[in-house]
Structure formats: structure tokens, C-alpha cells
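Trainee: only geometry, no sequence info:
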């Protein structure tokens, strides 16, 4: 059973940077499709970035060039480096995993979710 625990949520000024982490247990991050999603109050959950088991990444247009998703397979941790943060990046950020090697940027295809970590940009 895959368990995911996010950390790194913060309140930060626009233009700042922050790195989110997601500790994976119960499986090996290197074998999974994993992703970051976010949801702000009153809005639908949206995909931010995904990374396949082979390291192939995909990003939402709104974060391309600013966010980077990586995996440390030795430590079994998923990361999201966020640079040049904008007010619209404010949201609860969720780590997710799919029991397959290939990702689809649809939340319903992910079966495992963390509890979320809040990022607030002012």
C-alpha cells in the first residue's frame, strides 16, 4: 500500500521560490508514475506536473519554465521546485502516485494521494 507524505508548504512573496517534498513509502518511487496536483478554494483540482517511471516529465502550461519535478530514487522522495512564484500559484498542493509506469495528467488516474501541503503566495 503506497503512502505519500508531503512537506514544504509555505507562505512566500511573489517572485520567491520553494521546494516541496513528498516521501514515498510502500513502494519504490522509481517504478511509479507520480505527480503534483493543486487545488485552491472554489476551484477544481488541476495537474501541475507529472513524472513517469522512466523520468519523462510533463507540466501544465501555467508552470512551464518555473516549476521542476524530480525524483530521488535513493531516498524515495518526489520533489517540486517552484521558482518565480505568482499569486495564482496559491493552493493546496497534493502529491499523487499511480500504480503504473506511465502518467496521464488526469487526477482520476491516480490511486494514491497525500494529505496536501499549503502554498500561499502574496
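Mentor: Received the coordinates, thanks. Since the model is a prediction, treat every value here as computed from it, not as a measurement.
Trainee: Any idea what the spatially most central residue of the chain is bridged to?
Mentor: For the chain, the residue nearest the mean C-alpha position is residue 36 (2.1 Å; Cα atoms, centre = their mean). Taking DSSP bridges as the rule, residue 36 bridges to residue 49, residue 95.
Trainee: could you show me where the strands are in the chain, in order?
Mentor: Residue ranges of the strands in the chain, as given by DSSP state E, are 3-7, 10-12, 18-25, 33-39, 46-51, 57-59, 67-72, 77-82, 91-98, 112-113, 117-121.
Trainee: pLDDT on the second one, on average?
Mentor: Within the predicted structure, the mean pLDDT of strand 10-12 is 93.
Trainee: and for that strand, what are the contacting residues?
Mentor: Taking contacts as Cβ atoms under 8 Å, 6 or more residues apart in numbering, the residues outside strand 10-12 that touch it are 18, 85, 119-122. Just so you know, the C-beta spots here come from the backbone N, C-alpha and C atoms, and that holds for glycine as well.
Trainee: What strands flank it, and is each parallel or antiparallel?
Mentor: For strand 10-12, pairing defined by DSSP bridges yields strand 117-121 (parallel).
Trainee: That concludes my questions; thank you for your assistance.
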